[in-house]
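Student: Return atomic coordinates for the entry below.
(chains A, B and C)
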Amino acid sequence: MSTARADASDEAPAPSPKTGSRPDAASVAGERDNWQLIVGLEVHVELATATKLFSGSANRFGDEPNTNIDPVTLGLPGALPVLNRQAVELAMRIGVALNCTIQPCSFHRKNYFYPDMPKAYQISQYDVPLNIDGWLDLPDGFRVGIERAHLEEDTGKSTHMGGAGGRIHGSDASLIDFNRAGVPLVEIVSRPDIRTSEQARQYVTELRGILVAIGASDAKMEEGSMRVDANVSVHHPGEPLGTRCEIKNLNSVRSLGRAIEYEASRQIDLLESGATVRQETRHWDEGDGRTHTLRTKEDADDYRYFLEPDLVPLVPDAEWVNAVRTAMPPLPAARRATLADASGAPVTGEAIAVVVDRGQDAYILAVAAAGGDAGRALVHVKEAFADQGDNPVVPAADVAGLTRLELEGALTATQAKAVLADLVENGGGDAAGIAKAKGFEAMDTGALESLVDDAIAANQGAWEKYAGGEDKAIGALVGAVMKASRGQADGGAVTALLQSKRGE
Amino acid sequence: MSAEHTTAIEIASGVRAGERSAVDVLEQHLAAIAQGEGAIHAFNLVLTDEARAAAAAIDAAVAAGNDPGPLAGVPVALKDNMCTRGIPTTCSSKILEGWKPPYDATVVTRLKEAGAVIVGKTNLDEFAMGSSTENSAFGPTRNPHDTSRVPGGSSGGSAASVAAGFAALSFGSDTGGSIRQPAALCGVVGVKPTYGVVSRQGLVAFASSLDQIGPFSHTVADAALAIEVVGGHDPGDSTSIPRPAPDVVTILGDGVEGLRIGRITDLPSGADPDVVERLEAAFDALADAGAKVVDVQVPAFTYGLTAYYLIAPSEASSNLARYDGVRYGLRVDAPDTNSMYMATRAAGFGDEVKRRIMLGTYALSAGYYDAYYGKALKVRRLITDDFNRAYEHADVLLTPASPSVAFPFGDKTDNPLAMYLCDTYTIPSNLSGDPAMSVPFGTGAEGLPVGVQILAPALGEPVMFKVAAELERRAS
Amino acid sequence: MSERISVDDVAKVARLARLDMSTAELERATSQLGDMLEHFADIDELELDDVVAMTQPYHLVNVLRDDVETPSLDRDEVLAAAPEVADRRFKVPPIIGLAD
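Tutor: Numbers count the residues shown, from 1 in each chain, chains lettered A, B, ... in the order given. Model prediction:
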């Protein structure tokens, strides 16, 4: 359950945030040294099924309120749940992708009252969840343990009327839409292995990439199909773990990072001033950059978990598990490695991360298969295909043709960009033909050298500085050549000529 | 109240053959209701107009050469905890007073498809919690044999509706004996099938792992037909057994030659002498018919009451949490949601319901789960294992259905525990999930009906009905 | 009054179950529940360490349904049965004082 209940009772003023970015607790020196940050993340993911977890109403975002309803969704008297096969399939894919053990499991009732809880209990998994004991590796190889990933049903959605900013505080009524009630969720609980806010951000980003790759969810934090709660505590290494606070209402990866940093500092300030950290749930306020008390542990309900008598155990047989394993597509980490091999770019670099995240790595491999250069293609796709989605309109063969011209030296980098822009605008085309139409001809060495000689002659001062060892002076000379050639000279070739004239 | 009643089988065969009019049959039953209902109060709601329309449609179908189904034209009453679309389903509680479900229970759909004519929703102990129908928020039902006495419960209205001739067939629900005990007290047949044989979809849940829907009838044959019509797999109920309804109609004439009838020698005492006498007569009758009476033990039987009164209220406390005034039913206005919950539930639930909710909440709560609910689940296993061992030596077991004949109003209302003891003999079958039924077998004190309970192993409906049919043939 | 359950226990339980009860009602309930729990202590004499809890009468596993949409209930019919409605949604008073 992770919809935030913004019952913002303000406590004593929190330490005011310092200006500038707050460094991670672990990296702050001086009076803050020797603090270790411990973070565990709970991520709720809405599964991409057609229908709800326990009933046949549509699992669809954005429909008119209360139009995807049935007796189970509304908690009507006499309603009975029946488990959605596809939800189990997707939950198993998540388990496999996160290296979990998939086990026979059962469902429990978690009993508590809330207006968006139609049965006044949530059907979830308690002591025997479907997936346990897995892990997720961050791009740099750091391993975060996954304790469990289990199935549970989502709640309805409440909107609050009359209060400031749509919050509960000060509202005079709330309105409930049950379209979302019963939507299948998988709750993924990490072990408290994360030590920095950056690791937390990477964990969520990598997890998202995996969920999208396996088709389990579109995992969009901003839309609520992936919700992240952070458990944060601090302690001195070697000493017992500190009291942890749960942070809710994190609507983006950026908020996650900021909230962890704020919370770490808040806790350190408290402890260093001799106070204690109270175990509680806190609400992140993006507006003021602080966390605020939502509810304390004493308010916590007794959920009275017991086995759901309306359901029977789920025992995924070896055949089903193997089928899920065999059908697993390559995950982002593997795809990054493949793309790095093909393109020569660094596997932890931004270009590879961005392109794989967009799902455009297969496209680059197709360009290579069509005789093109993966390295050049990577650069082009990263820079020009941001809006193209995972199935770019431009035929891979056309981009392949472009990269071949580049490698032959027939096009400068600038010229190549222009041709690429053309390909994107027209949804494809023949690179050579486009280049010719634009008048892009490769300058032969003789013509180039003659331009270089002209530039030297017209810029004697710069030449003498450059020849004398001042490398920076080359800029004026290259600029003169580019101007004279109306941009058609290849910058790299010009530089090489100047270098050789200098005697290198 | 007449001694002769038309059976469902007779009505259906007559209507299907075009020899009887469904409308005429209905009017006879409506006349009985008009004359007798005032004294009995079997119904929360009589569906005069709807029933007339349904009966007319049945006659039209027959006239057009179509077969309306095996219950064609049979006036049927339904316990008011089964969802009927567009028709109030109140569970005899103020918290659901006037609530109209937007859907039909599976059993209701199957009955309609079989041509049944639903004449009304019957009274019950509130949310099926009770053994006398005195816990209804809308007033008690009276036993047609003696209106100063209870009809039993919780399905008192359904039992009385058949006993009084208001319906040829009725349906109730049985969680701890709520079909069998009122059947015994009202002198009719009452059946609790194997858990999972009849769909619970649309039955307002009391205790999910114990509830089952079953029929009340004048004859064993009618009950058998009813089970075949409403029973069988329902994909809408995850606990529904994936098999068709048990085959109980064709075996009714088989007799009991060679069957082993178990007498539980360590059965809890507490049954009145007149009830015990009828049970003994039943053993004699079956022995006379060629069966063999054998002694068996079910040592954990006596712990059934405790296990039940920890398990059932626990599940009920969760099942009844949805009655919170948000989406349907009663709402008592309040300045905030929490206060609204508290006030609504305080006003909407009667004392017995509140008691069981609190008992169940306590039994599940942190620190107490192992001592109460957890322990009760283990006792459930012991009882089931004991039954399974007994069934190695016996084909069916026989016990009283109720410790006594119908008792006067107010006799047990001051002492919840005394009321709970009414279910002593019926509860263990709910815990094990095995089928059981009550068959009228003569009279006891004050000439009031006595029922004998037949217990059978899981999916043992055929042998259970065989024995029931024989007892019915030999009932004095 | 039995020792098995106290008025405080019952008050706590009534709160958990969202049942508003007067002091007199709480005291009466405590007495009745205490008597019941006293009676139910008969199972304490049983040897249960090696006994496996039984939650399901008939052993079934893997009851699943296909991920195929079925028609929604009629919204008007459903909202007509609701205690209070606004803007096609169920309306409730301010959601405060609830632990979740």
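Student: Give the burial count for residue 366, as a bare number.
Tutor: Since you didn't name a chain, this refers to chain A. 18 (other Cβ atoms under 10 Å in any protein chain shown). Quick note: C-beta positions are derived from backbone N, CA and C, even for glycine.
Student: wait, chain B
Tutor: By the criterion of other Cβ under 10 Å, residue B:366 has 11 neighbours.
Student: do residue C:27 as well
Tutor: Residue C:27 has 14 nearby residues by other Cβ under 10 Å.
Student: Output the contacting helices and strands for the host helix or strand of it.
Tutor: Using DSSP states H and E, residue C:27 maps to helix C:23-39. Helix C:23-39 sits against helix B:351-364, helix B:416-420, helix C:7-16, with contacts defined as 3 or more Cβ pairs under 8 Å, 6 or more residues apart in numbering or on different chains; DSSP states H and E.
Student: List the buried residues in that helix.
Tutor: Across helix C:23-39, burial judged by 16 or more other Cβ atoms under 10 Å in any protein chain shown covers C:25, C:26, C:29, C:30, C:32, C:33, C:34, C:35, C:36, C:37, C:39.
Student: quick one: the last one and residue B:359, what's the gap?
Tutor: Look at residue C:39 and residue B:359: by Cβ to Cβ, to the nearest Å, they are 12 Å apart.
Student: And for the fifth one?
Tutor: Residue C:32 sits 9 Å away from residue B:359, taking Cβ to Cβ as the criterion.
Student: dump the residue contacts of the residue in chain C positioned nearest to chain B.
Tutor: Relative to chain B, the nearest point of chain C is residue C:57 (2.3 Å; Cβ to the nearest Cβ). With contact taken as Cβ atoms under 8 Å, 6 or more residues apart in numbering or on different chains, residue C:57 is in contact with B:194, B:195, B:196, B:209, B:384, B:432, B:433, B:434, B:458.
Student: Drop anything exposed from those.
Tutor: Of the contacts of residue C:57, these count as buried by 16+ other Cβ under 10 Å: B:194, B:195, B:196, B:209, B:384, B:432, B:433, B:434, B:458.
Student: Next one: the second one from residue B:334, what distance?
Tutor: What that stands for is residue B:195. 39 Å.
Student: repeat for the first one
Tutor: Here the distance between residue B:194 and residue B:334 works out to 45 Å (Cβ to Cβ).
Student: Give me the pLDDT value at the nearest residue to residue A:155 once chain neighbours are set aside.
Tutor: Leaving aside its sequence neighbours, residue A:155 sits nearest to residue A:116 (Cβ to Cβ, 6 or more residues apart in numbering or on different chains; 4.3 Å). Each residue has a pLDDT score; the one for residue A:116 is 95.
Student: hang on, residue A:116 packs against residue A:154?
Tutor: No. Using Cβ atoms under 8 Å, residue A:116 is not in contact with residue A:154; the gap is 9.3 Å.
Student: what sits in contact with each of these two?
Tutor: With Cβ under 8 Å, 6+ apart, residue A:116 and residue A:154 have common neighbours residue A:181.
Student: Quick check: the spatially most central residue of chain C vs residue A:109, distance?
Tutor: Chain C has residue C:17 as the residue nearest its centroid, 6.3 Å off, counting by Cα atoms, centre = their mean. Residue C:17 sits 14 Å away from residue A:109, going by Cβ to Cβ.
Student: Could you do residue A:160 as well?
Tutor: Residue A:160 is 27 Å from residue A:109, by Cβ to Cβ.
Student: quick one, which of those two is more surrounded?
Tutor: Ranked by neighbour count (other Cβ under 10 Å), residue A:160 and residue A:109 place residue A:109 first, with 26 against 20.
Student: Report the spatially nearest residue to the more buried one, omitting neighbours in sequence.
Tutor: residue A:121 (4.3 Å).
Student: what are the bridge partners for that neighbour, then?
Tutor: Residue A:121 has these beta-bridge partners by DSSP bridges: residue A:111.
Student: if I read this right, it contacts residue A:114, doesn't it?
Tutor: No. Using Cβ under 8 Å, residue A:121 is not in contact with residue A:114, being 10.4 Å away.
Student: The residue nearest to residue A:155 in helix, strand or coil?
Tutor: In three-state terms, and counting by DSSP: H, G, I helix; E, B strand; the rest coil, residue A:116 is coil.
Student: Show the contacting residues for residue B:23.
Tutor: B:52, B:55, B:56, B:59.
Student: now do residue B:463
Tutor: Residue B:463 neighbours (Cβ under 8 Å, 6+ apart): B:259, B:395, B:396, B:456.
Student: Now for these: which two are most distant?
Tutor: B:259 and B:456 (10.7 Å; Cβ to Cβ).
Student: Give the intersection of the neighbour lists for the two.
Tutor: B:395, B:396, B:463.
Student: Out of those residues, which sit inside helices?
Tutor: Members of the shared contacts of residue B:259 and residue B:456 lying in helices (criterion: DSSP state H): residue B:463.
Student: can you redo the shared contacts of residue B:259 and residue B:456 as a markdown table with pLDDT?
Tutor: Compiled in a markdown table, the shared contacts of residue B:259 and residue B:456 are given as follows (pLDDT from 0 to 100):
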| residue | pLDDT |
| --- | --- |
| B:395 | 98 |
| B:396 | 98 |
| B:463 | 98 |
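Student: what does the stretch 301-450 of chain B have sitting close to chain A?
Tutor: B:314-315, B:317-318, B:321-322, B:324, B:326-328, B:337-338, B:341, B:361, B:364-366, B:369, B:373 (Cβ under 8 Å from any Cβ of the partner chain).
Student: give me that answer again for 10 Å
Tutor: Contact residues (Cβ under 10 Å from any Cβ of the partner chain) of the stretch 301-450 of chain B with chain A: B:311, B:314-315, B:317-329, B:335-338, B:340-342, B:345, B:360-369, B:373-374, B:377.
Student: Same list, those residues, but only the ones touching chain C.
Tutor: Applying Cβ under 10 Å from any Cβ to those, those adjacent to chain C are B:311, B:317-318, B:320-321, B:323-329, B:335-338, B:340-342, B:345, B:360-366, B:368, B:373-374, B:377.
Student: pLDDT score for residue A:468?
Tutor: Residue A:468 is given a pLDDT of 88.
Student: Does residue B:357 touch residue B:317 like I think?
Tutor: Yes. Residue B:357 lies in contact with residue B:317 (Cβ atoms under 10 Å); the separation is 4.7 Å.
Student: what's the overlap in contacts for the two?
Tutor: Contact with both residue B:357 and residue B:317 is made by residues C:13, C:16, C:17, according to Cβ atoms under 10 Å, 6 or more residues apart in numbering or on different chains.
Student: center of the chain - which residue?
Tutor: This is for chain A. residue A:205 (2.7 Å).
Student: Can you look at chain B instead?
Tutor: Nearest to chain B centroid, counting by Cα atoms, centre = their mean: residue B:179, 2.4 Å.
Student: and it, what does it touch?
Tutor: B:79, B:152, B:154-155, B:158-159, B:170-173, B:188-193, B:212-216, B:401, B:426, B:436-438.
Student: separation between residue A:390 and chain B?
Tutor: Distance, residue A:390 to chain B, by Cβ to the nearest Cβ, to the nearest Å: 37 Å.
Student: Name the nearest residue to that residue, ignoring sequence neighbours.
Tutor: residue A:359 is the one closest to residue A:390 (Cβ to Cβ, 6+ apart), at 3.0 Å.
Student: Likewise for residue B:363?
Tutor: Leaving aside its sequence neighbours, residue B:363 sits nearest to residue B:372 (Cβ to Cβ, 6+ apart; 3.7 Å).
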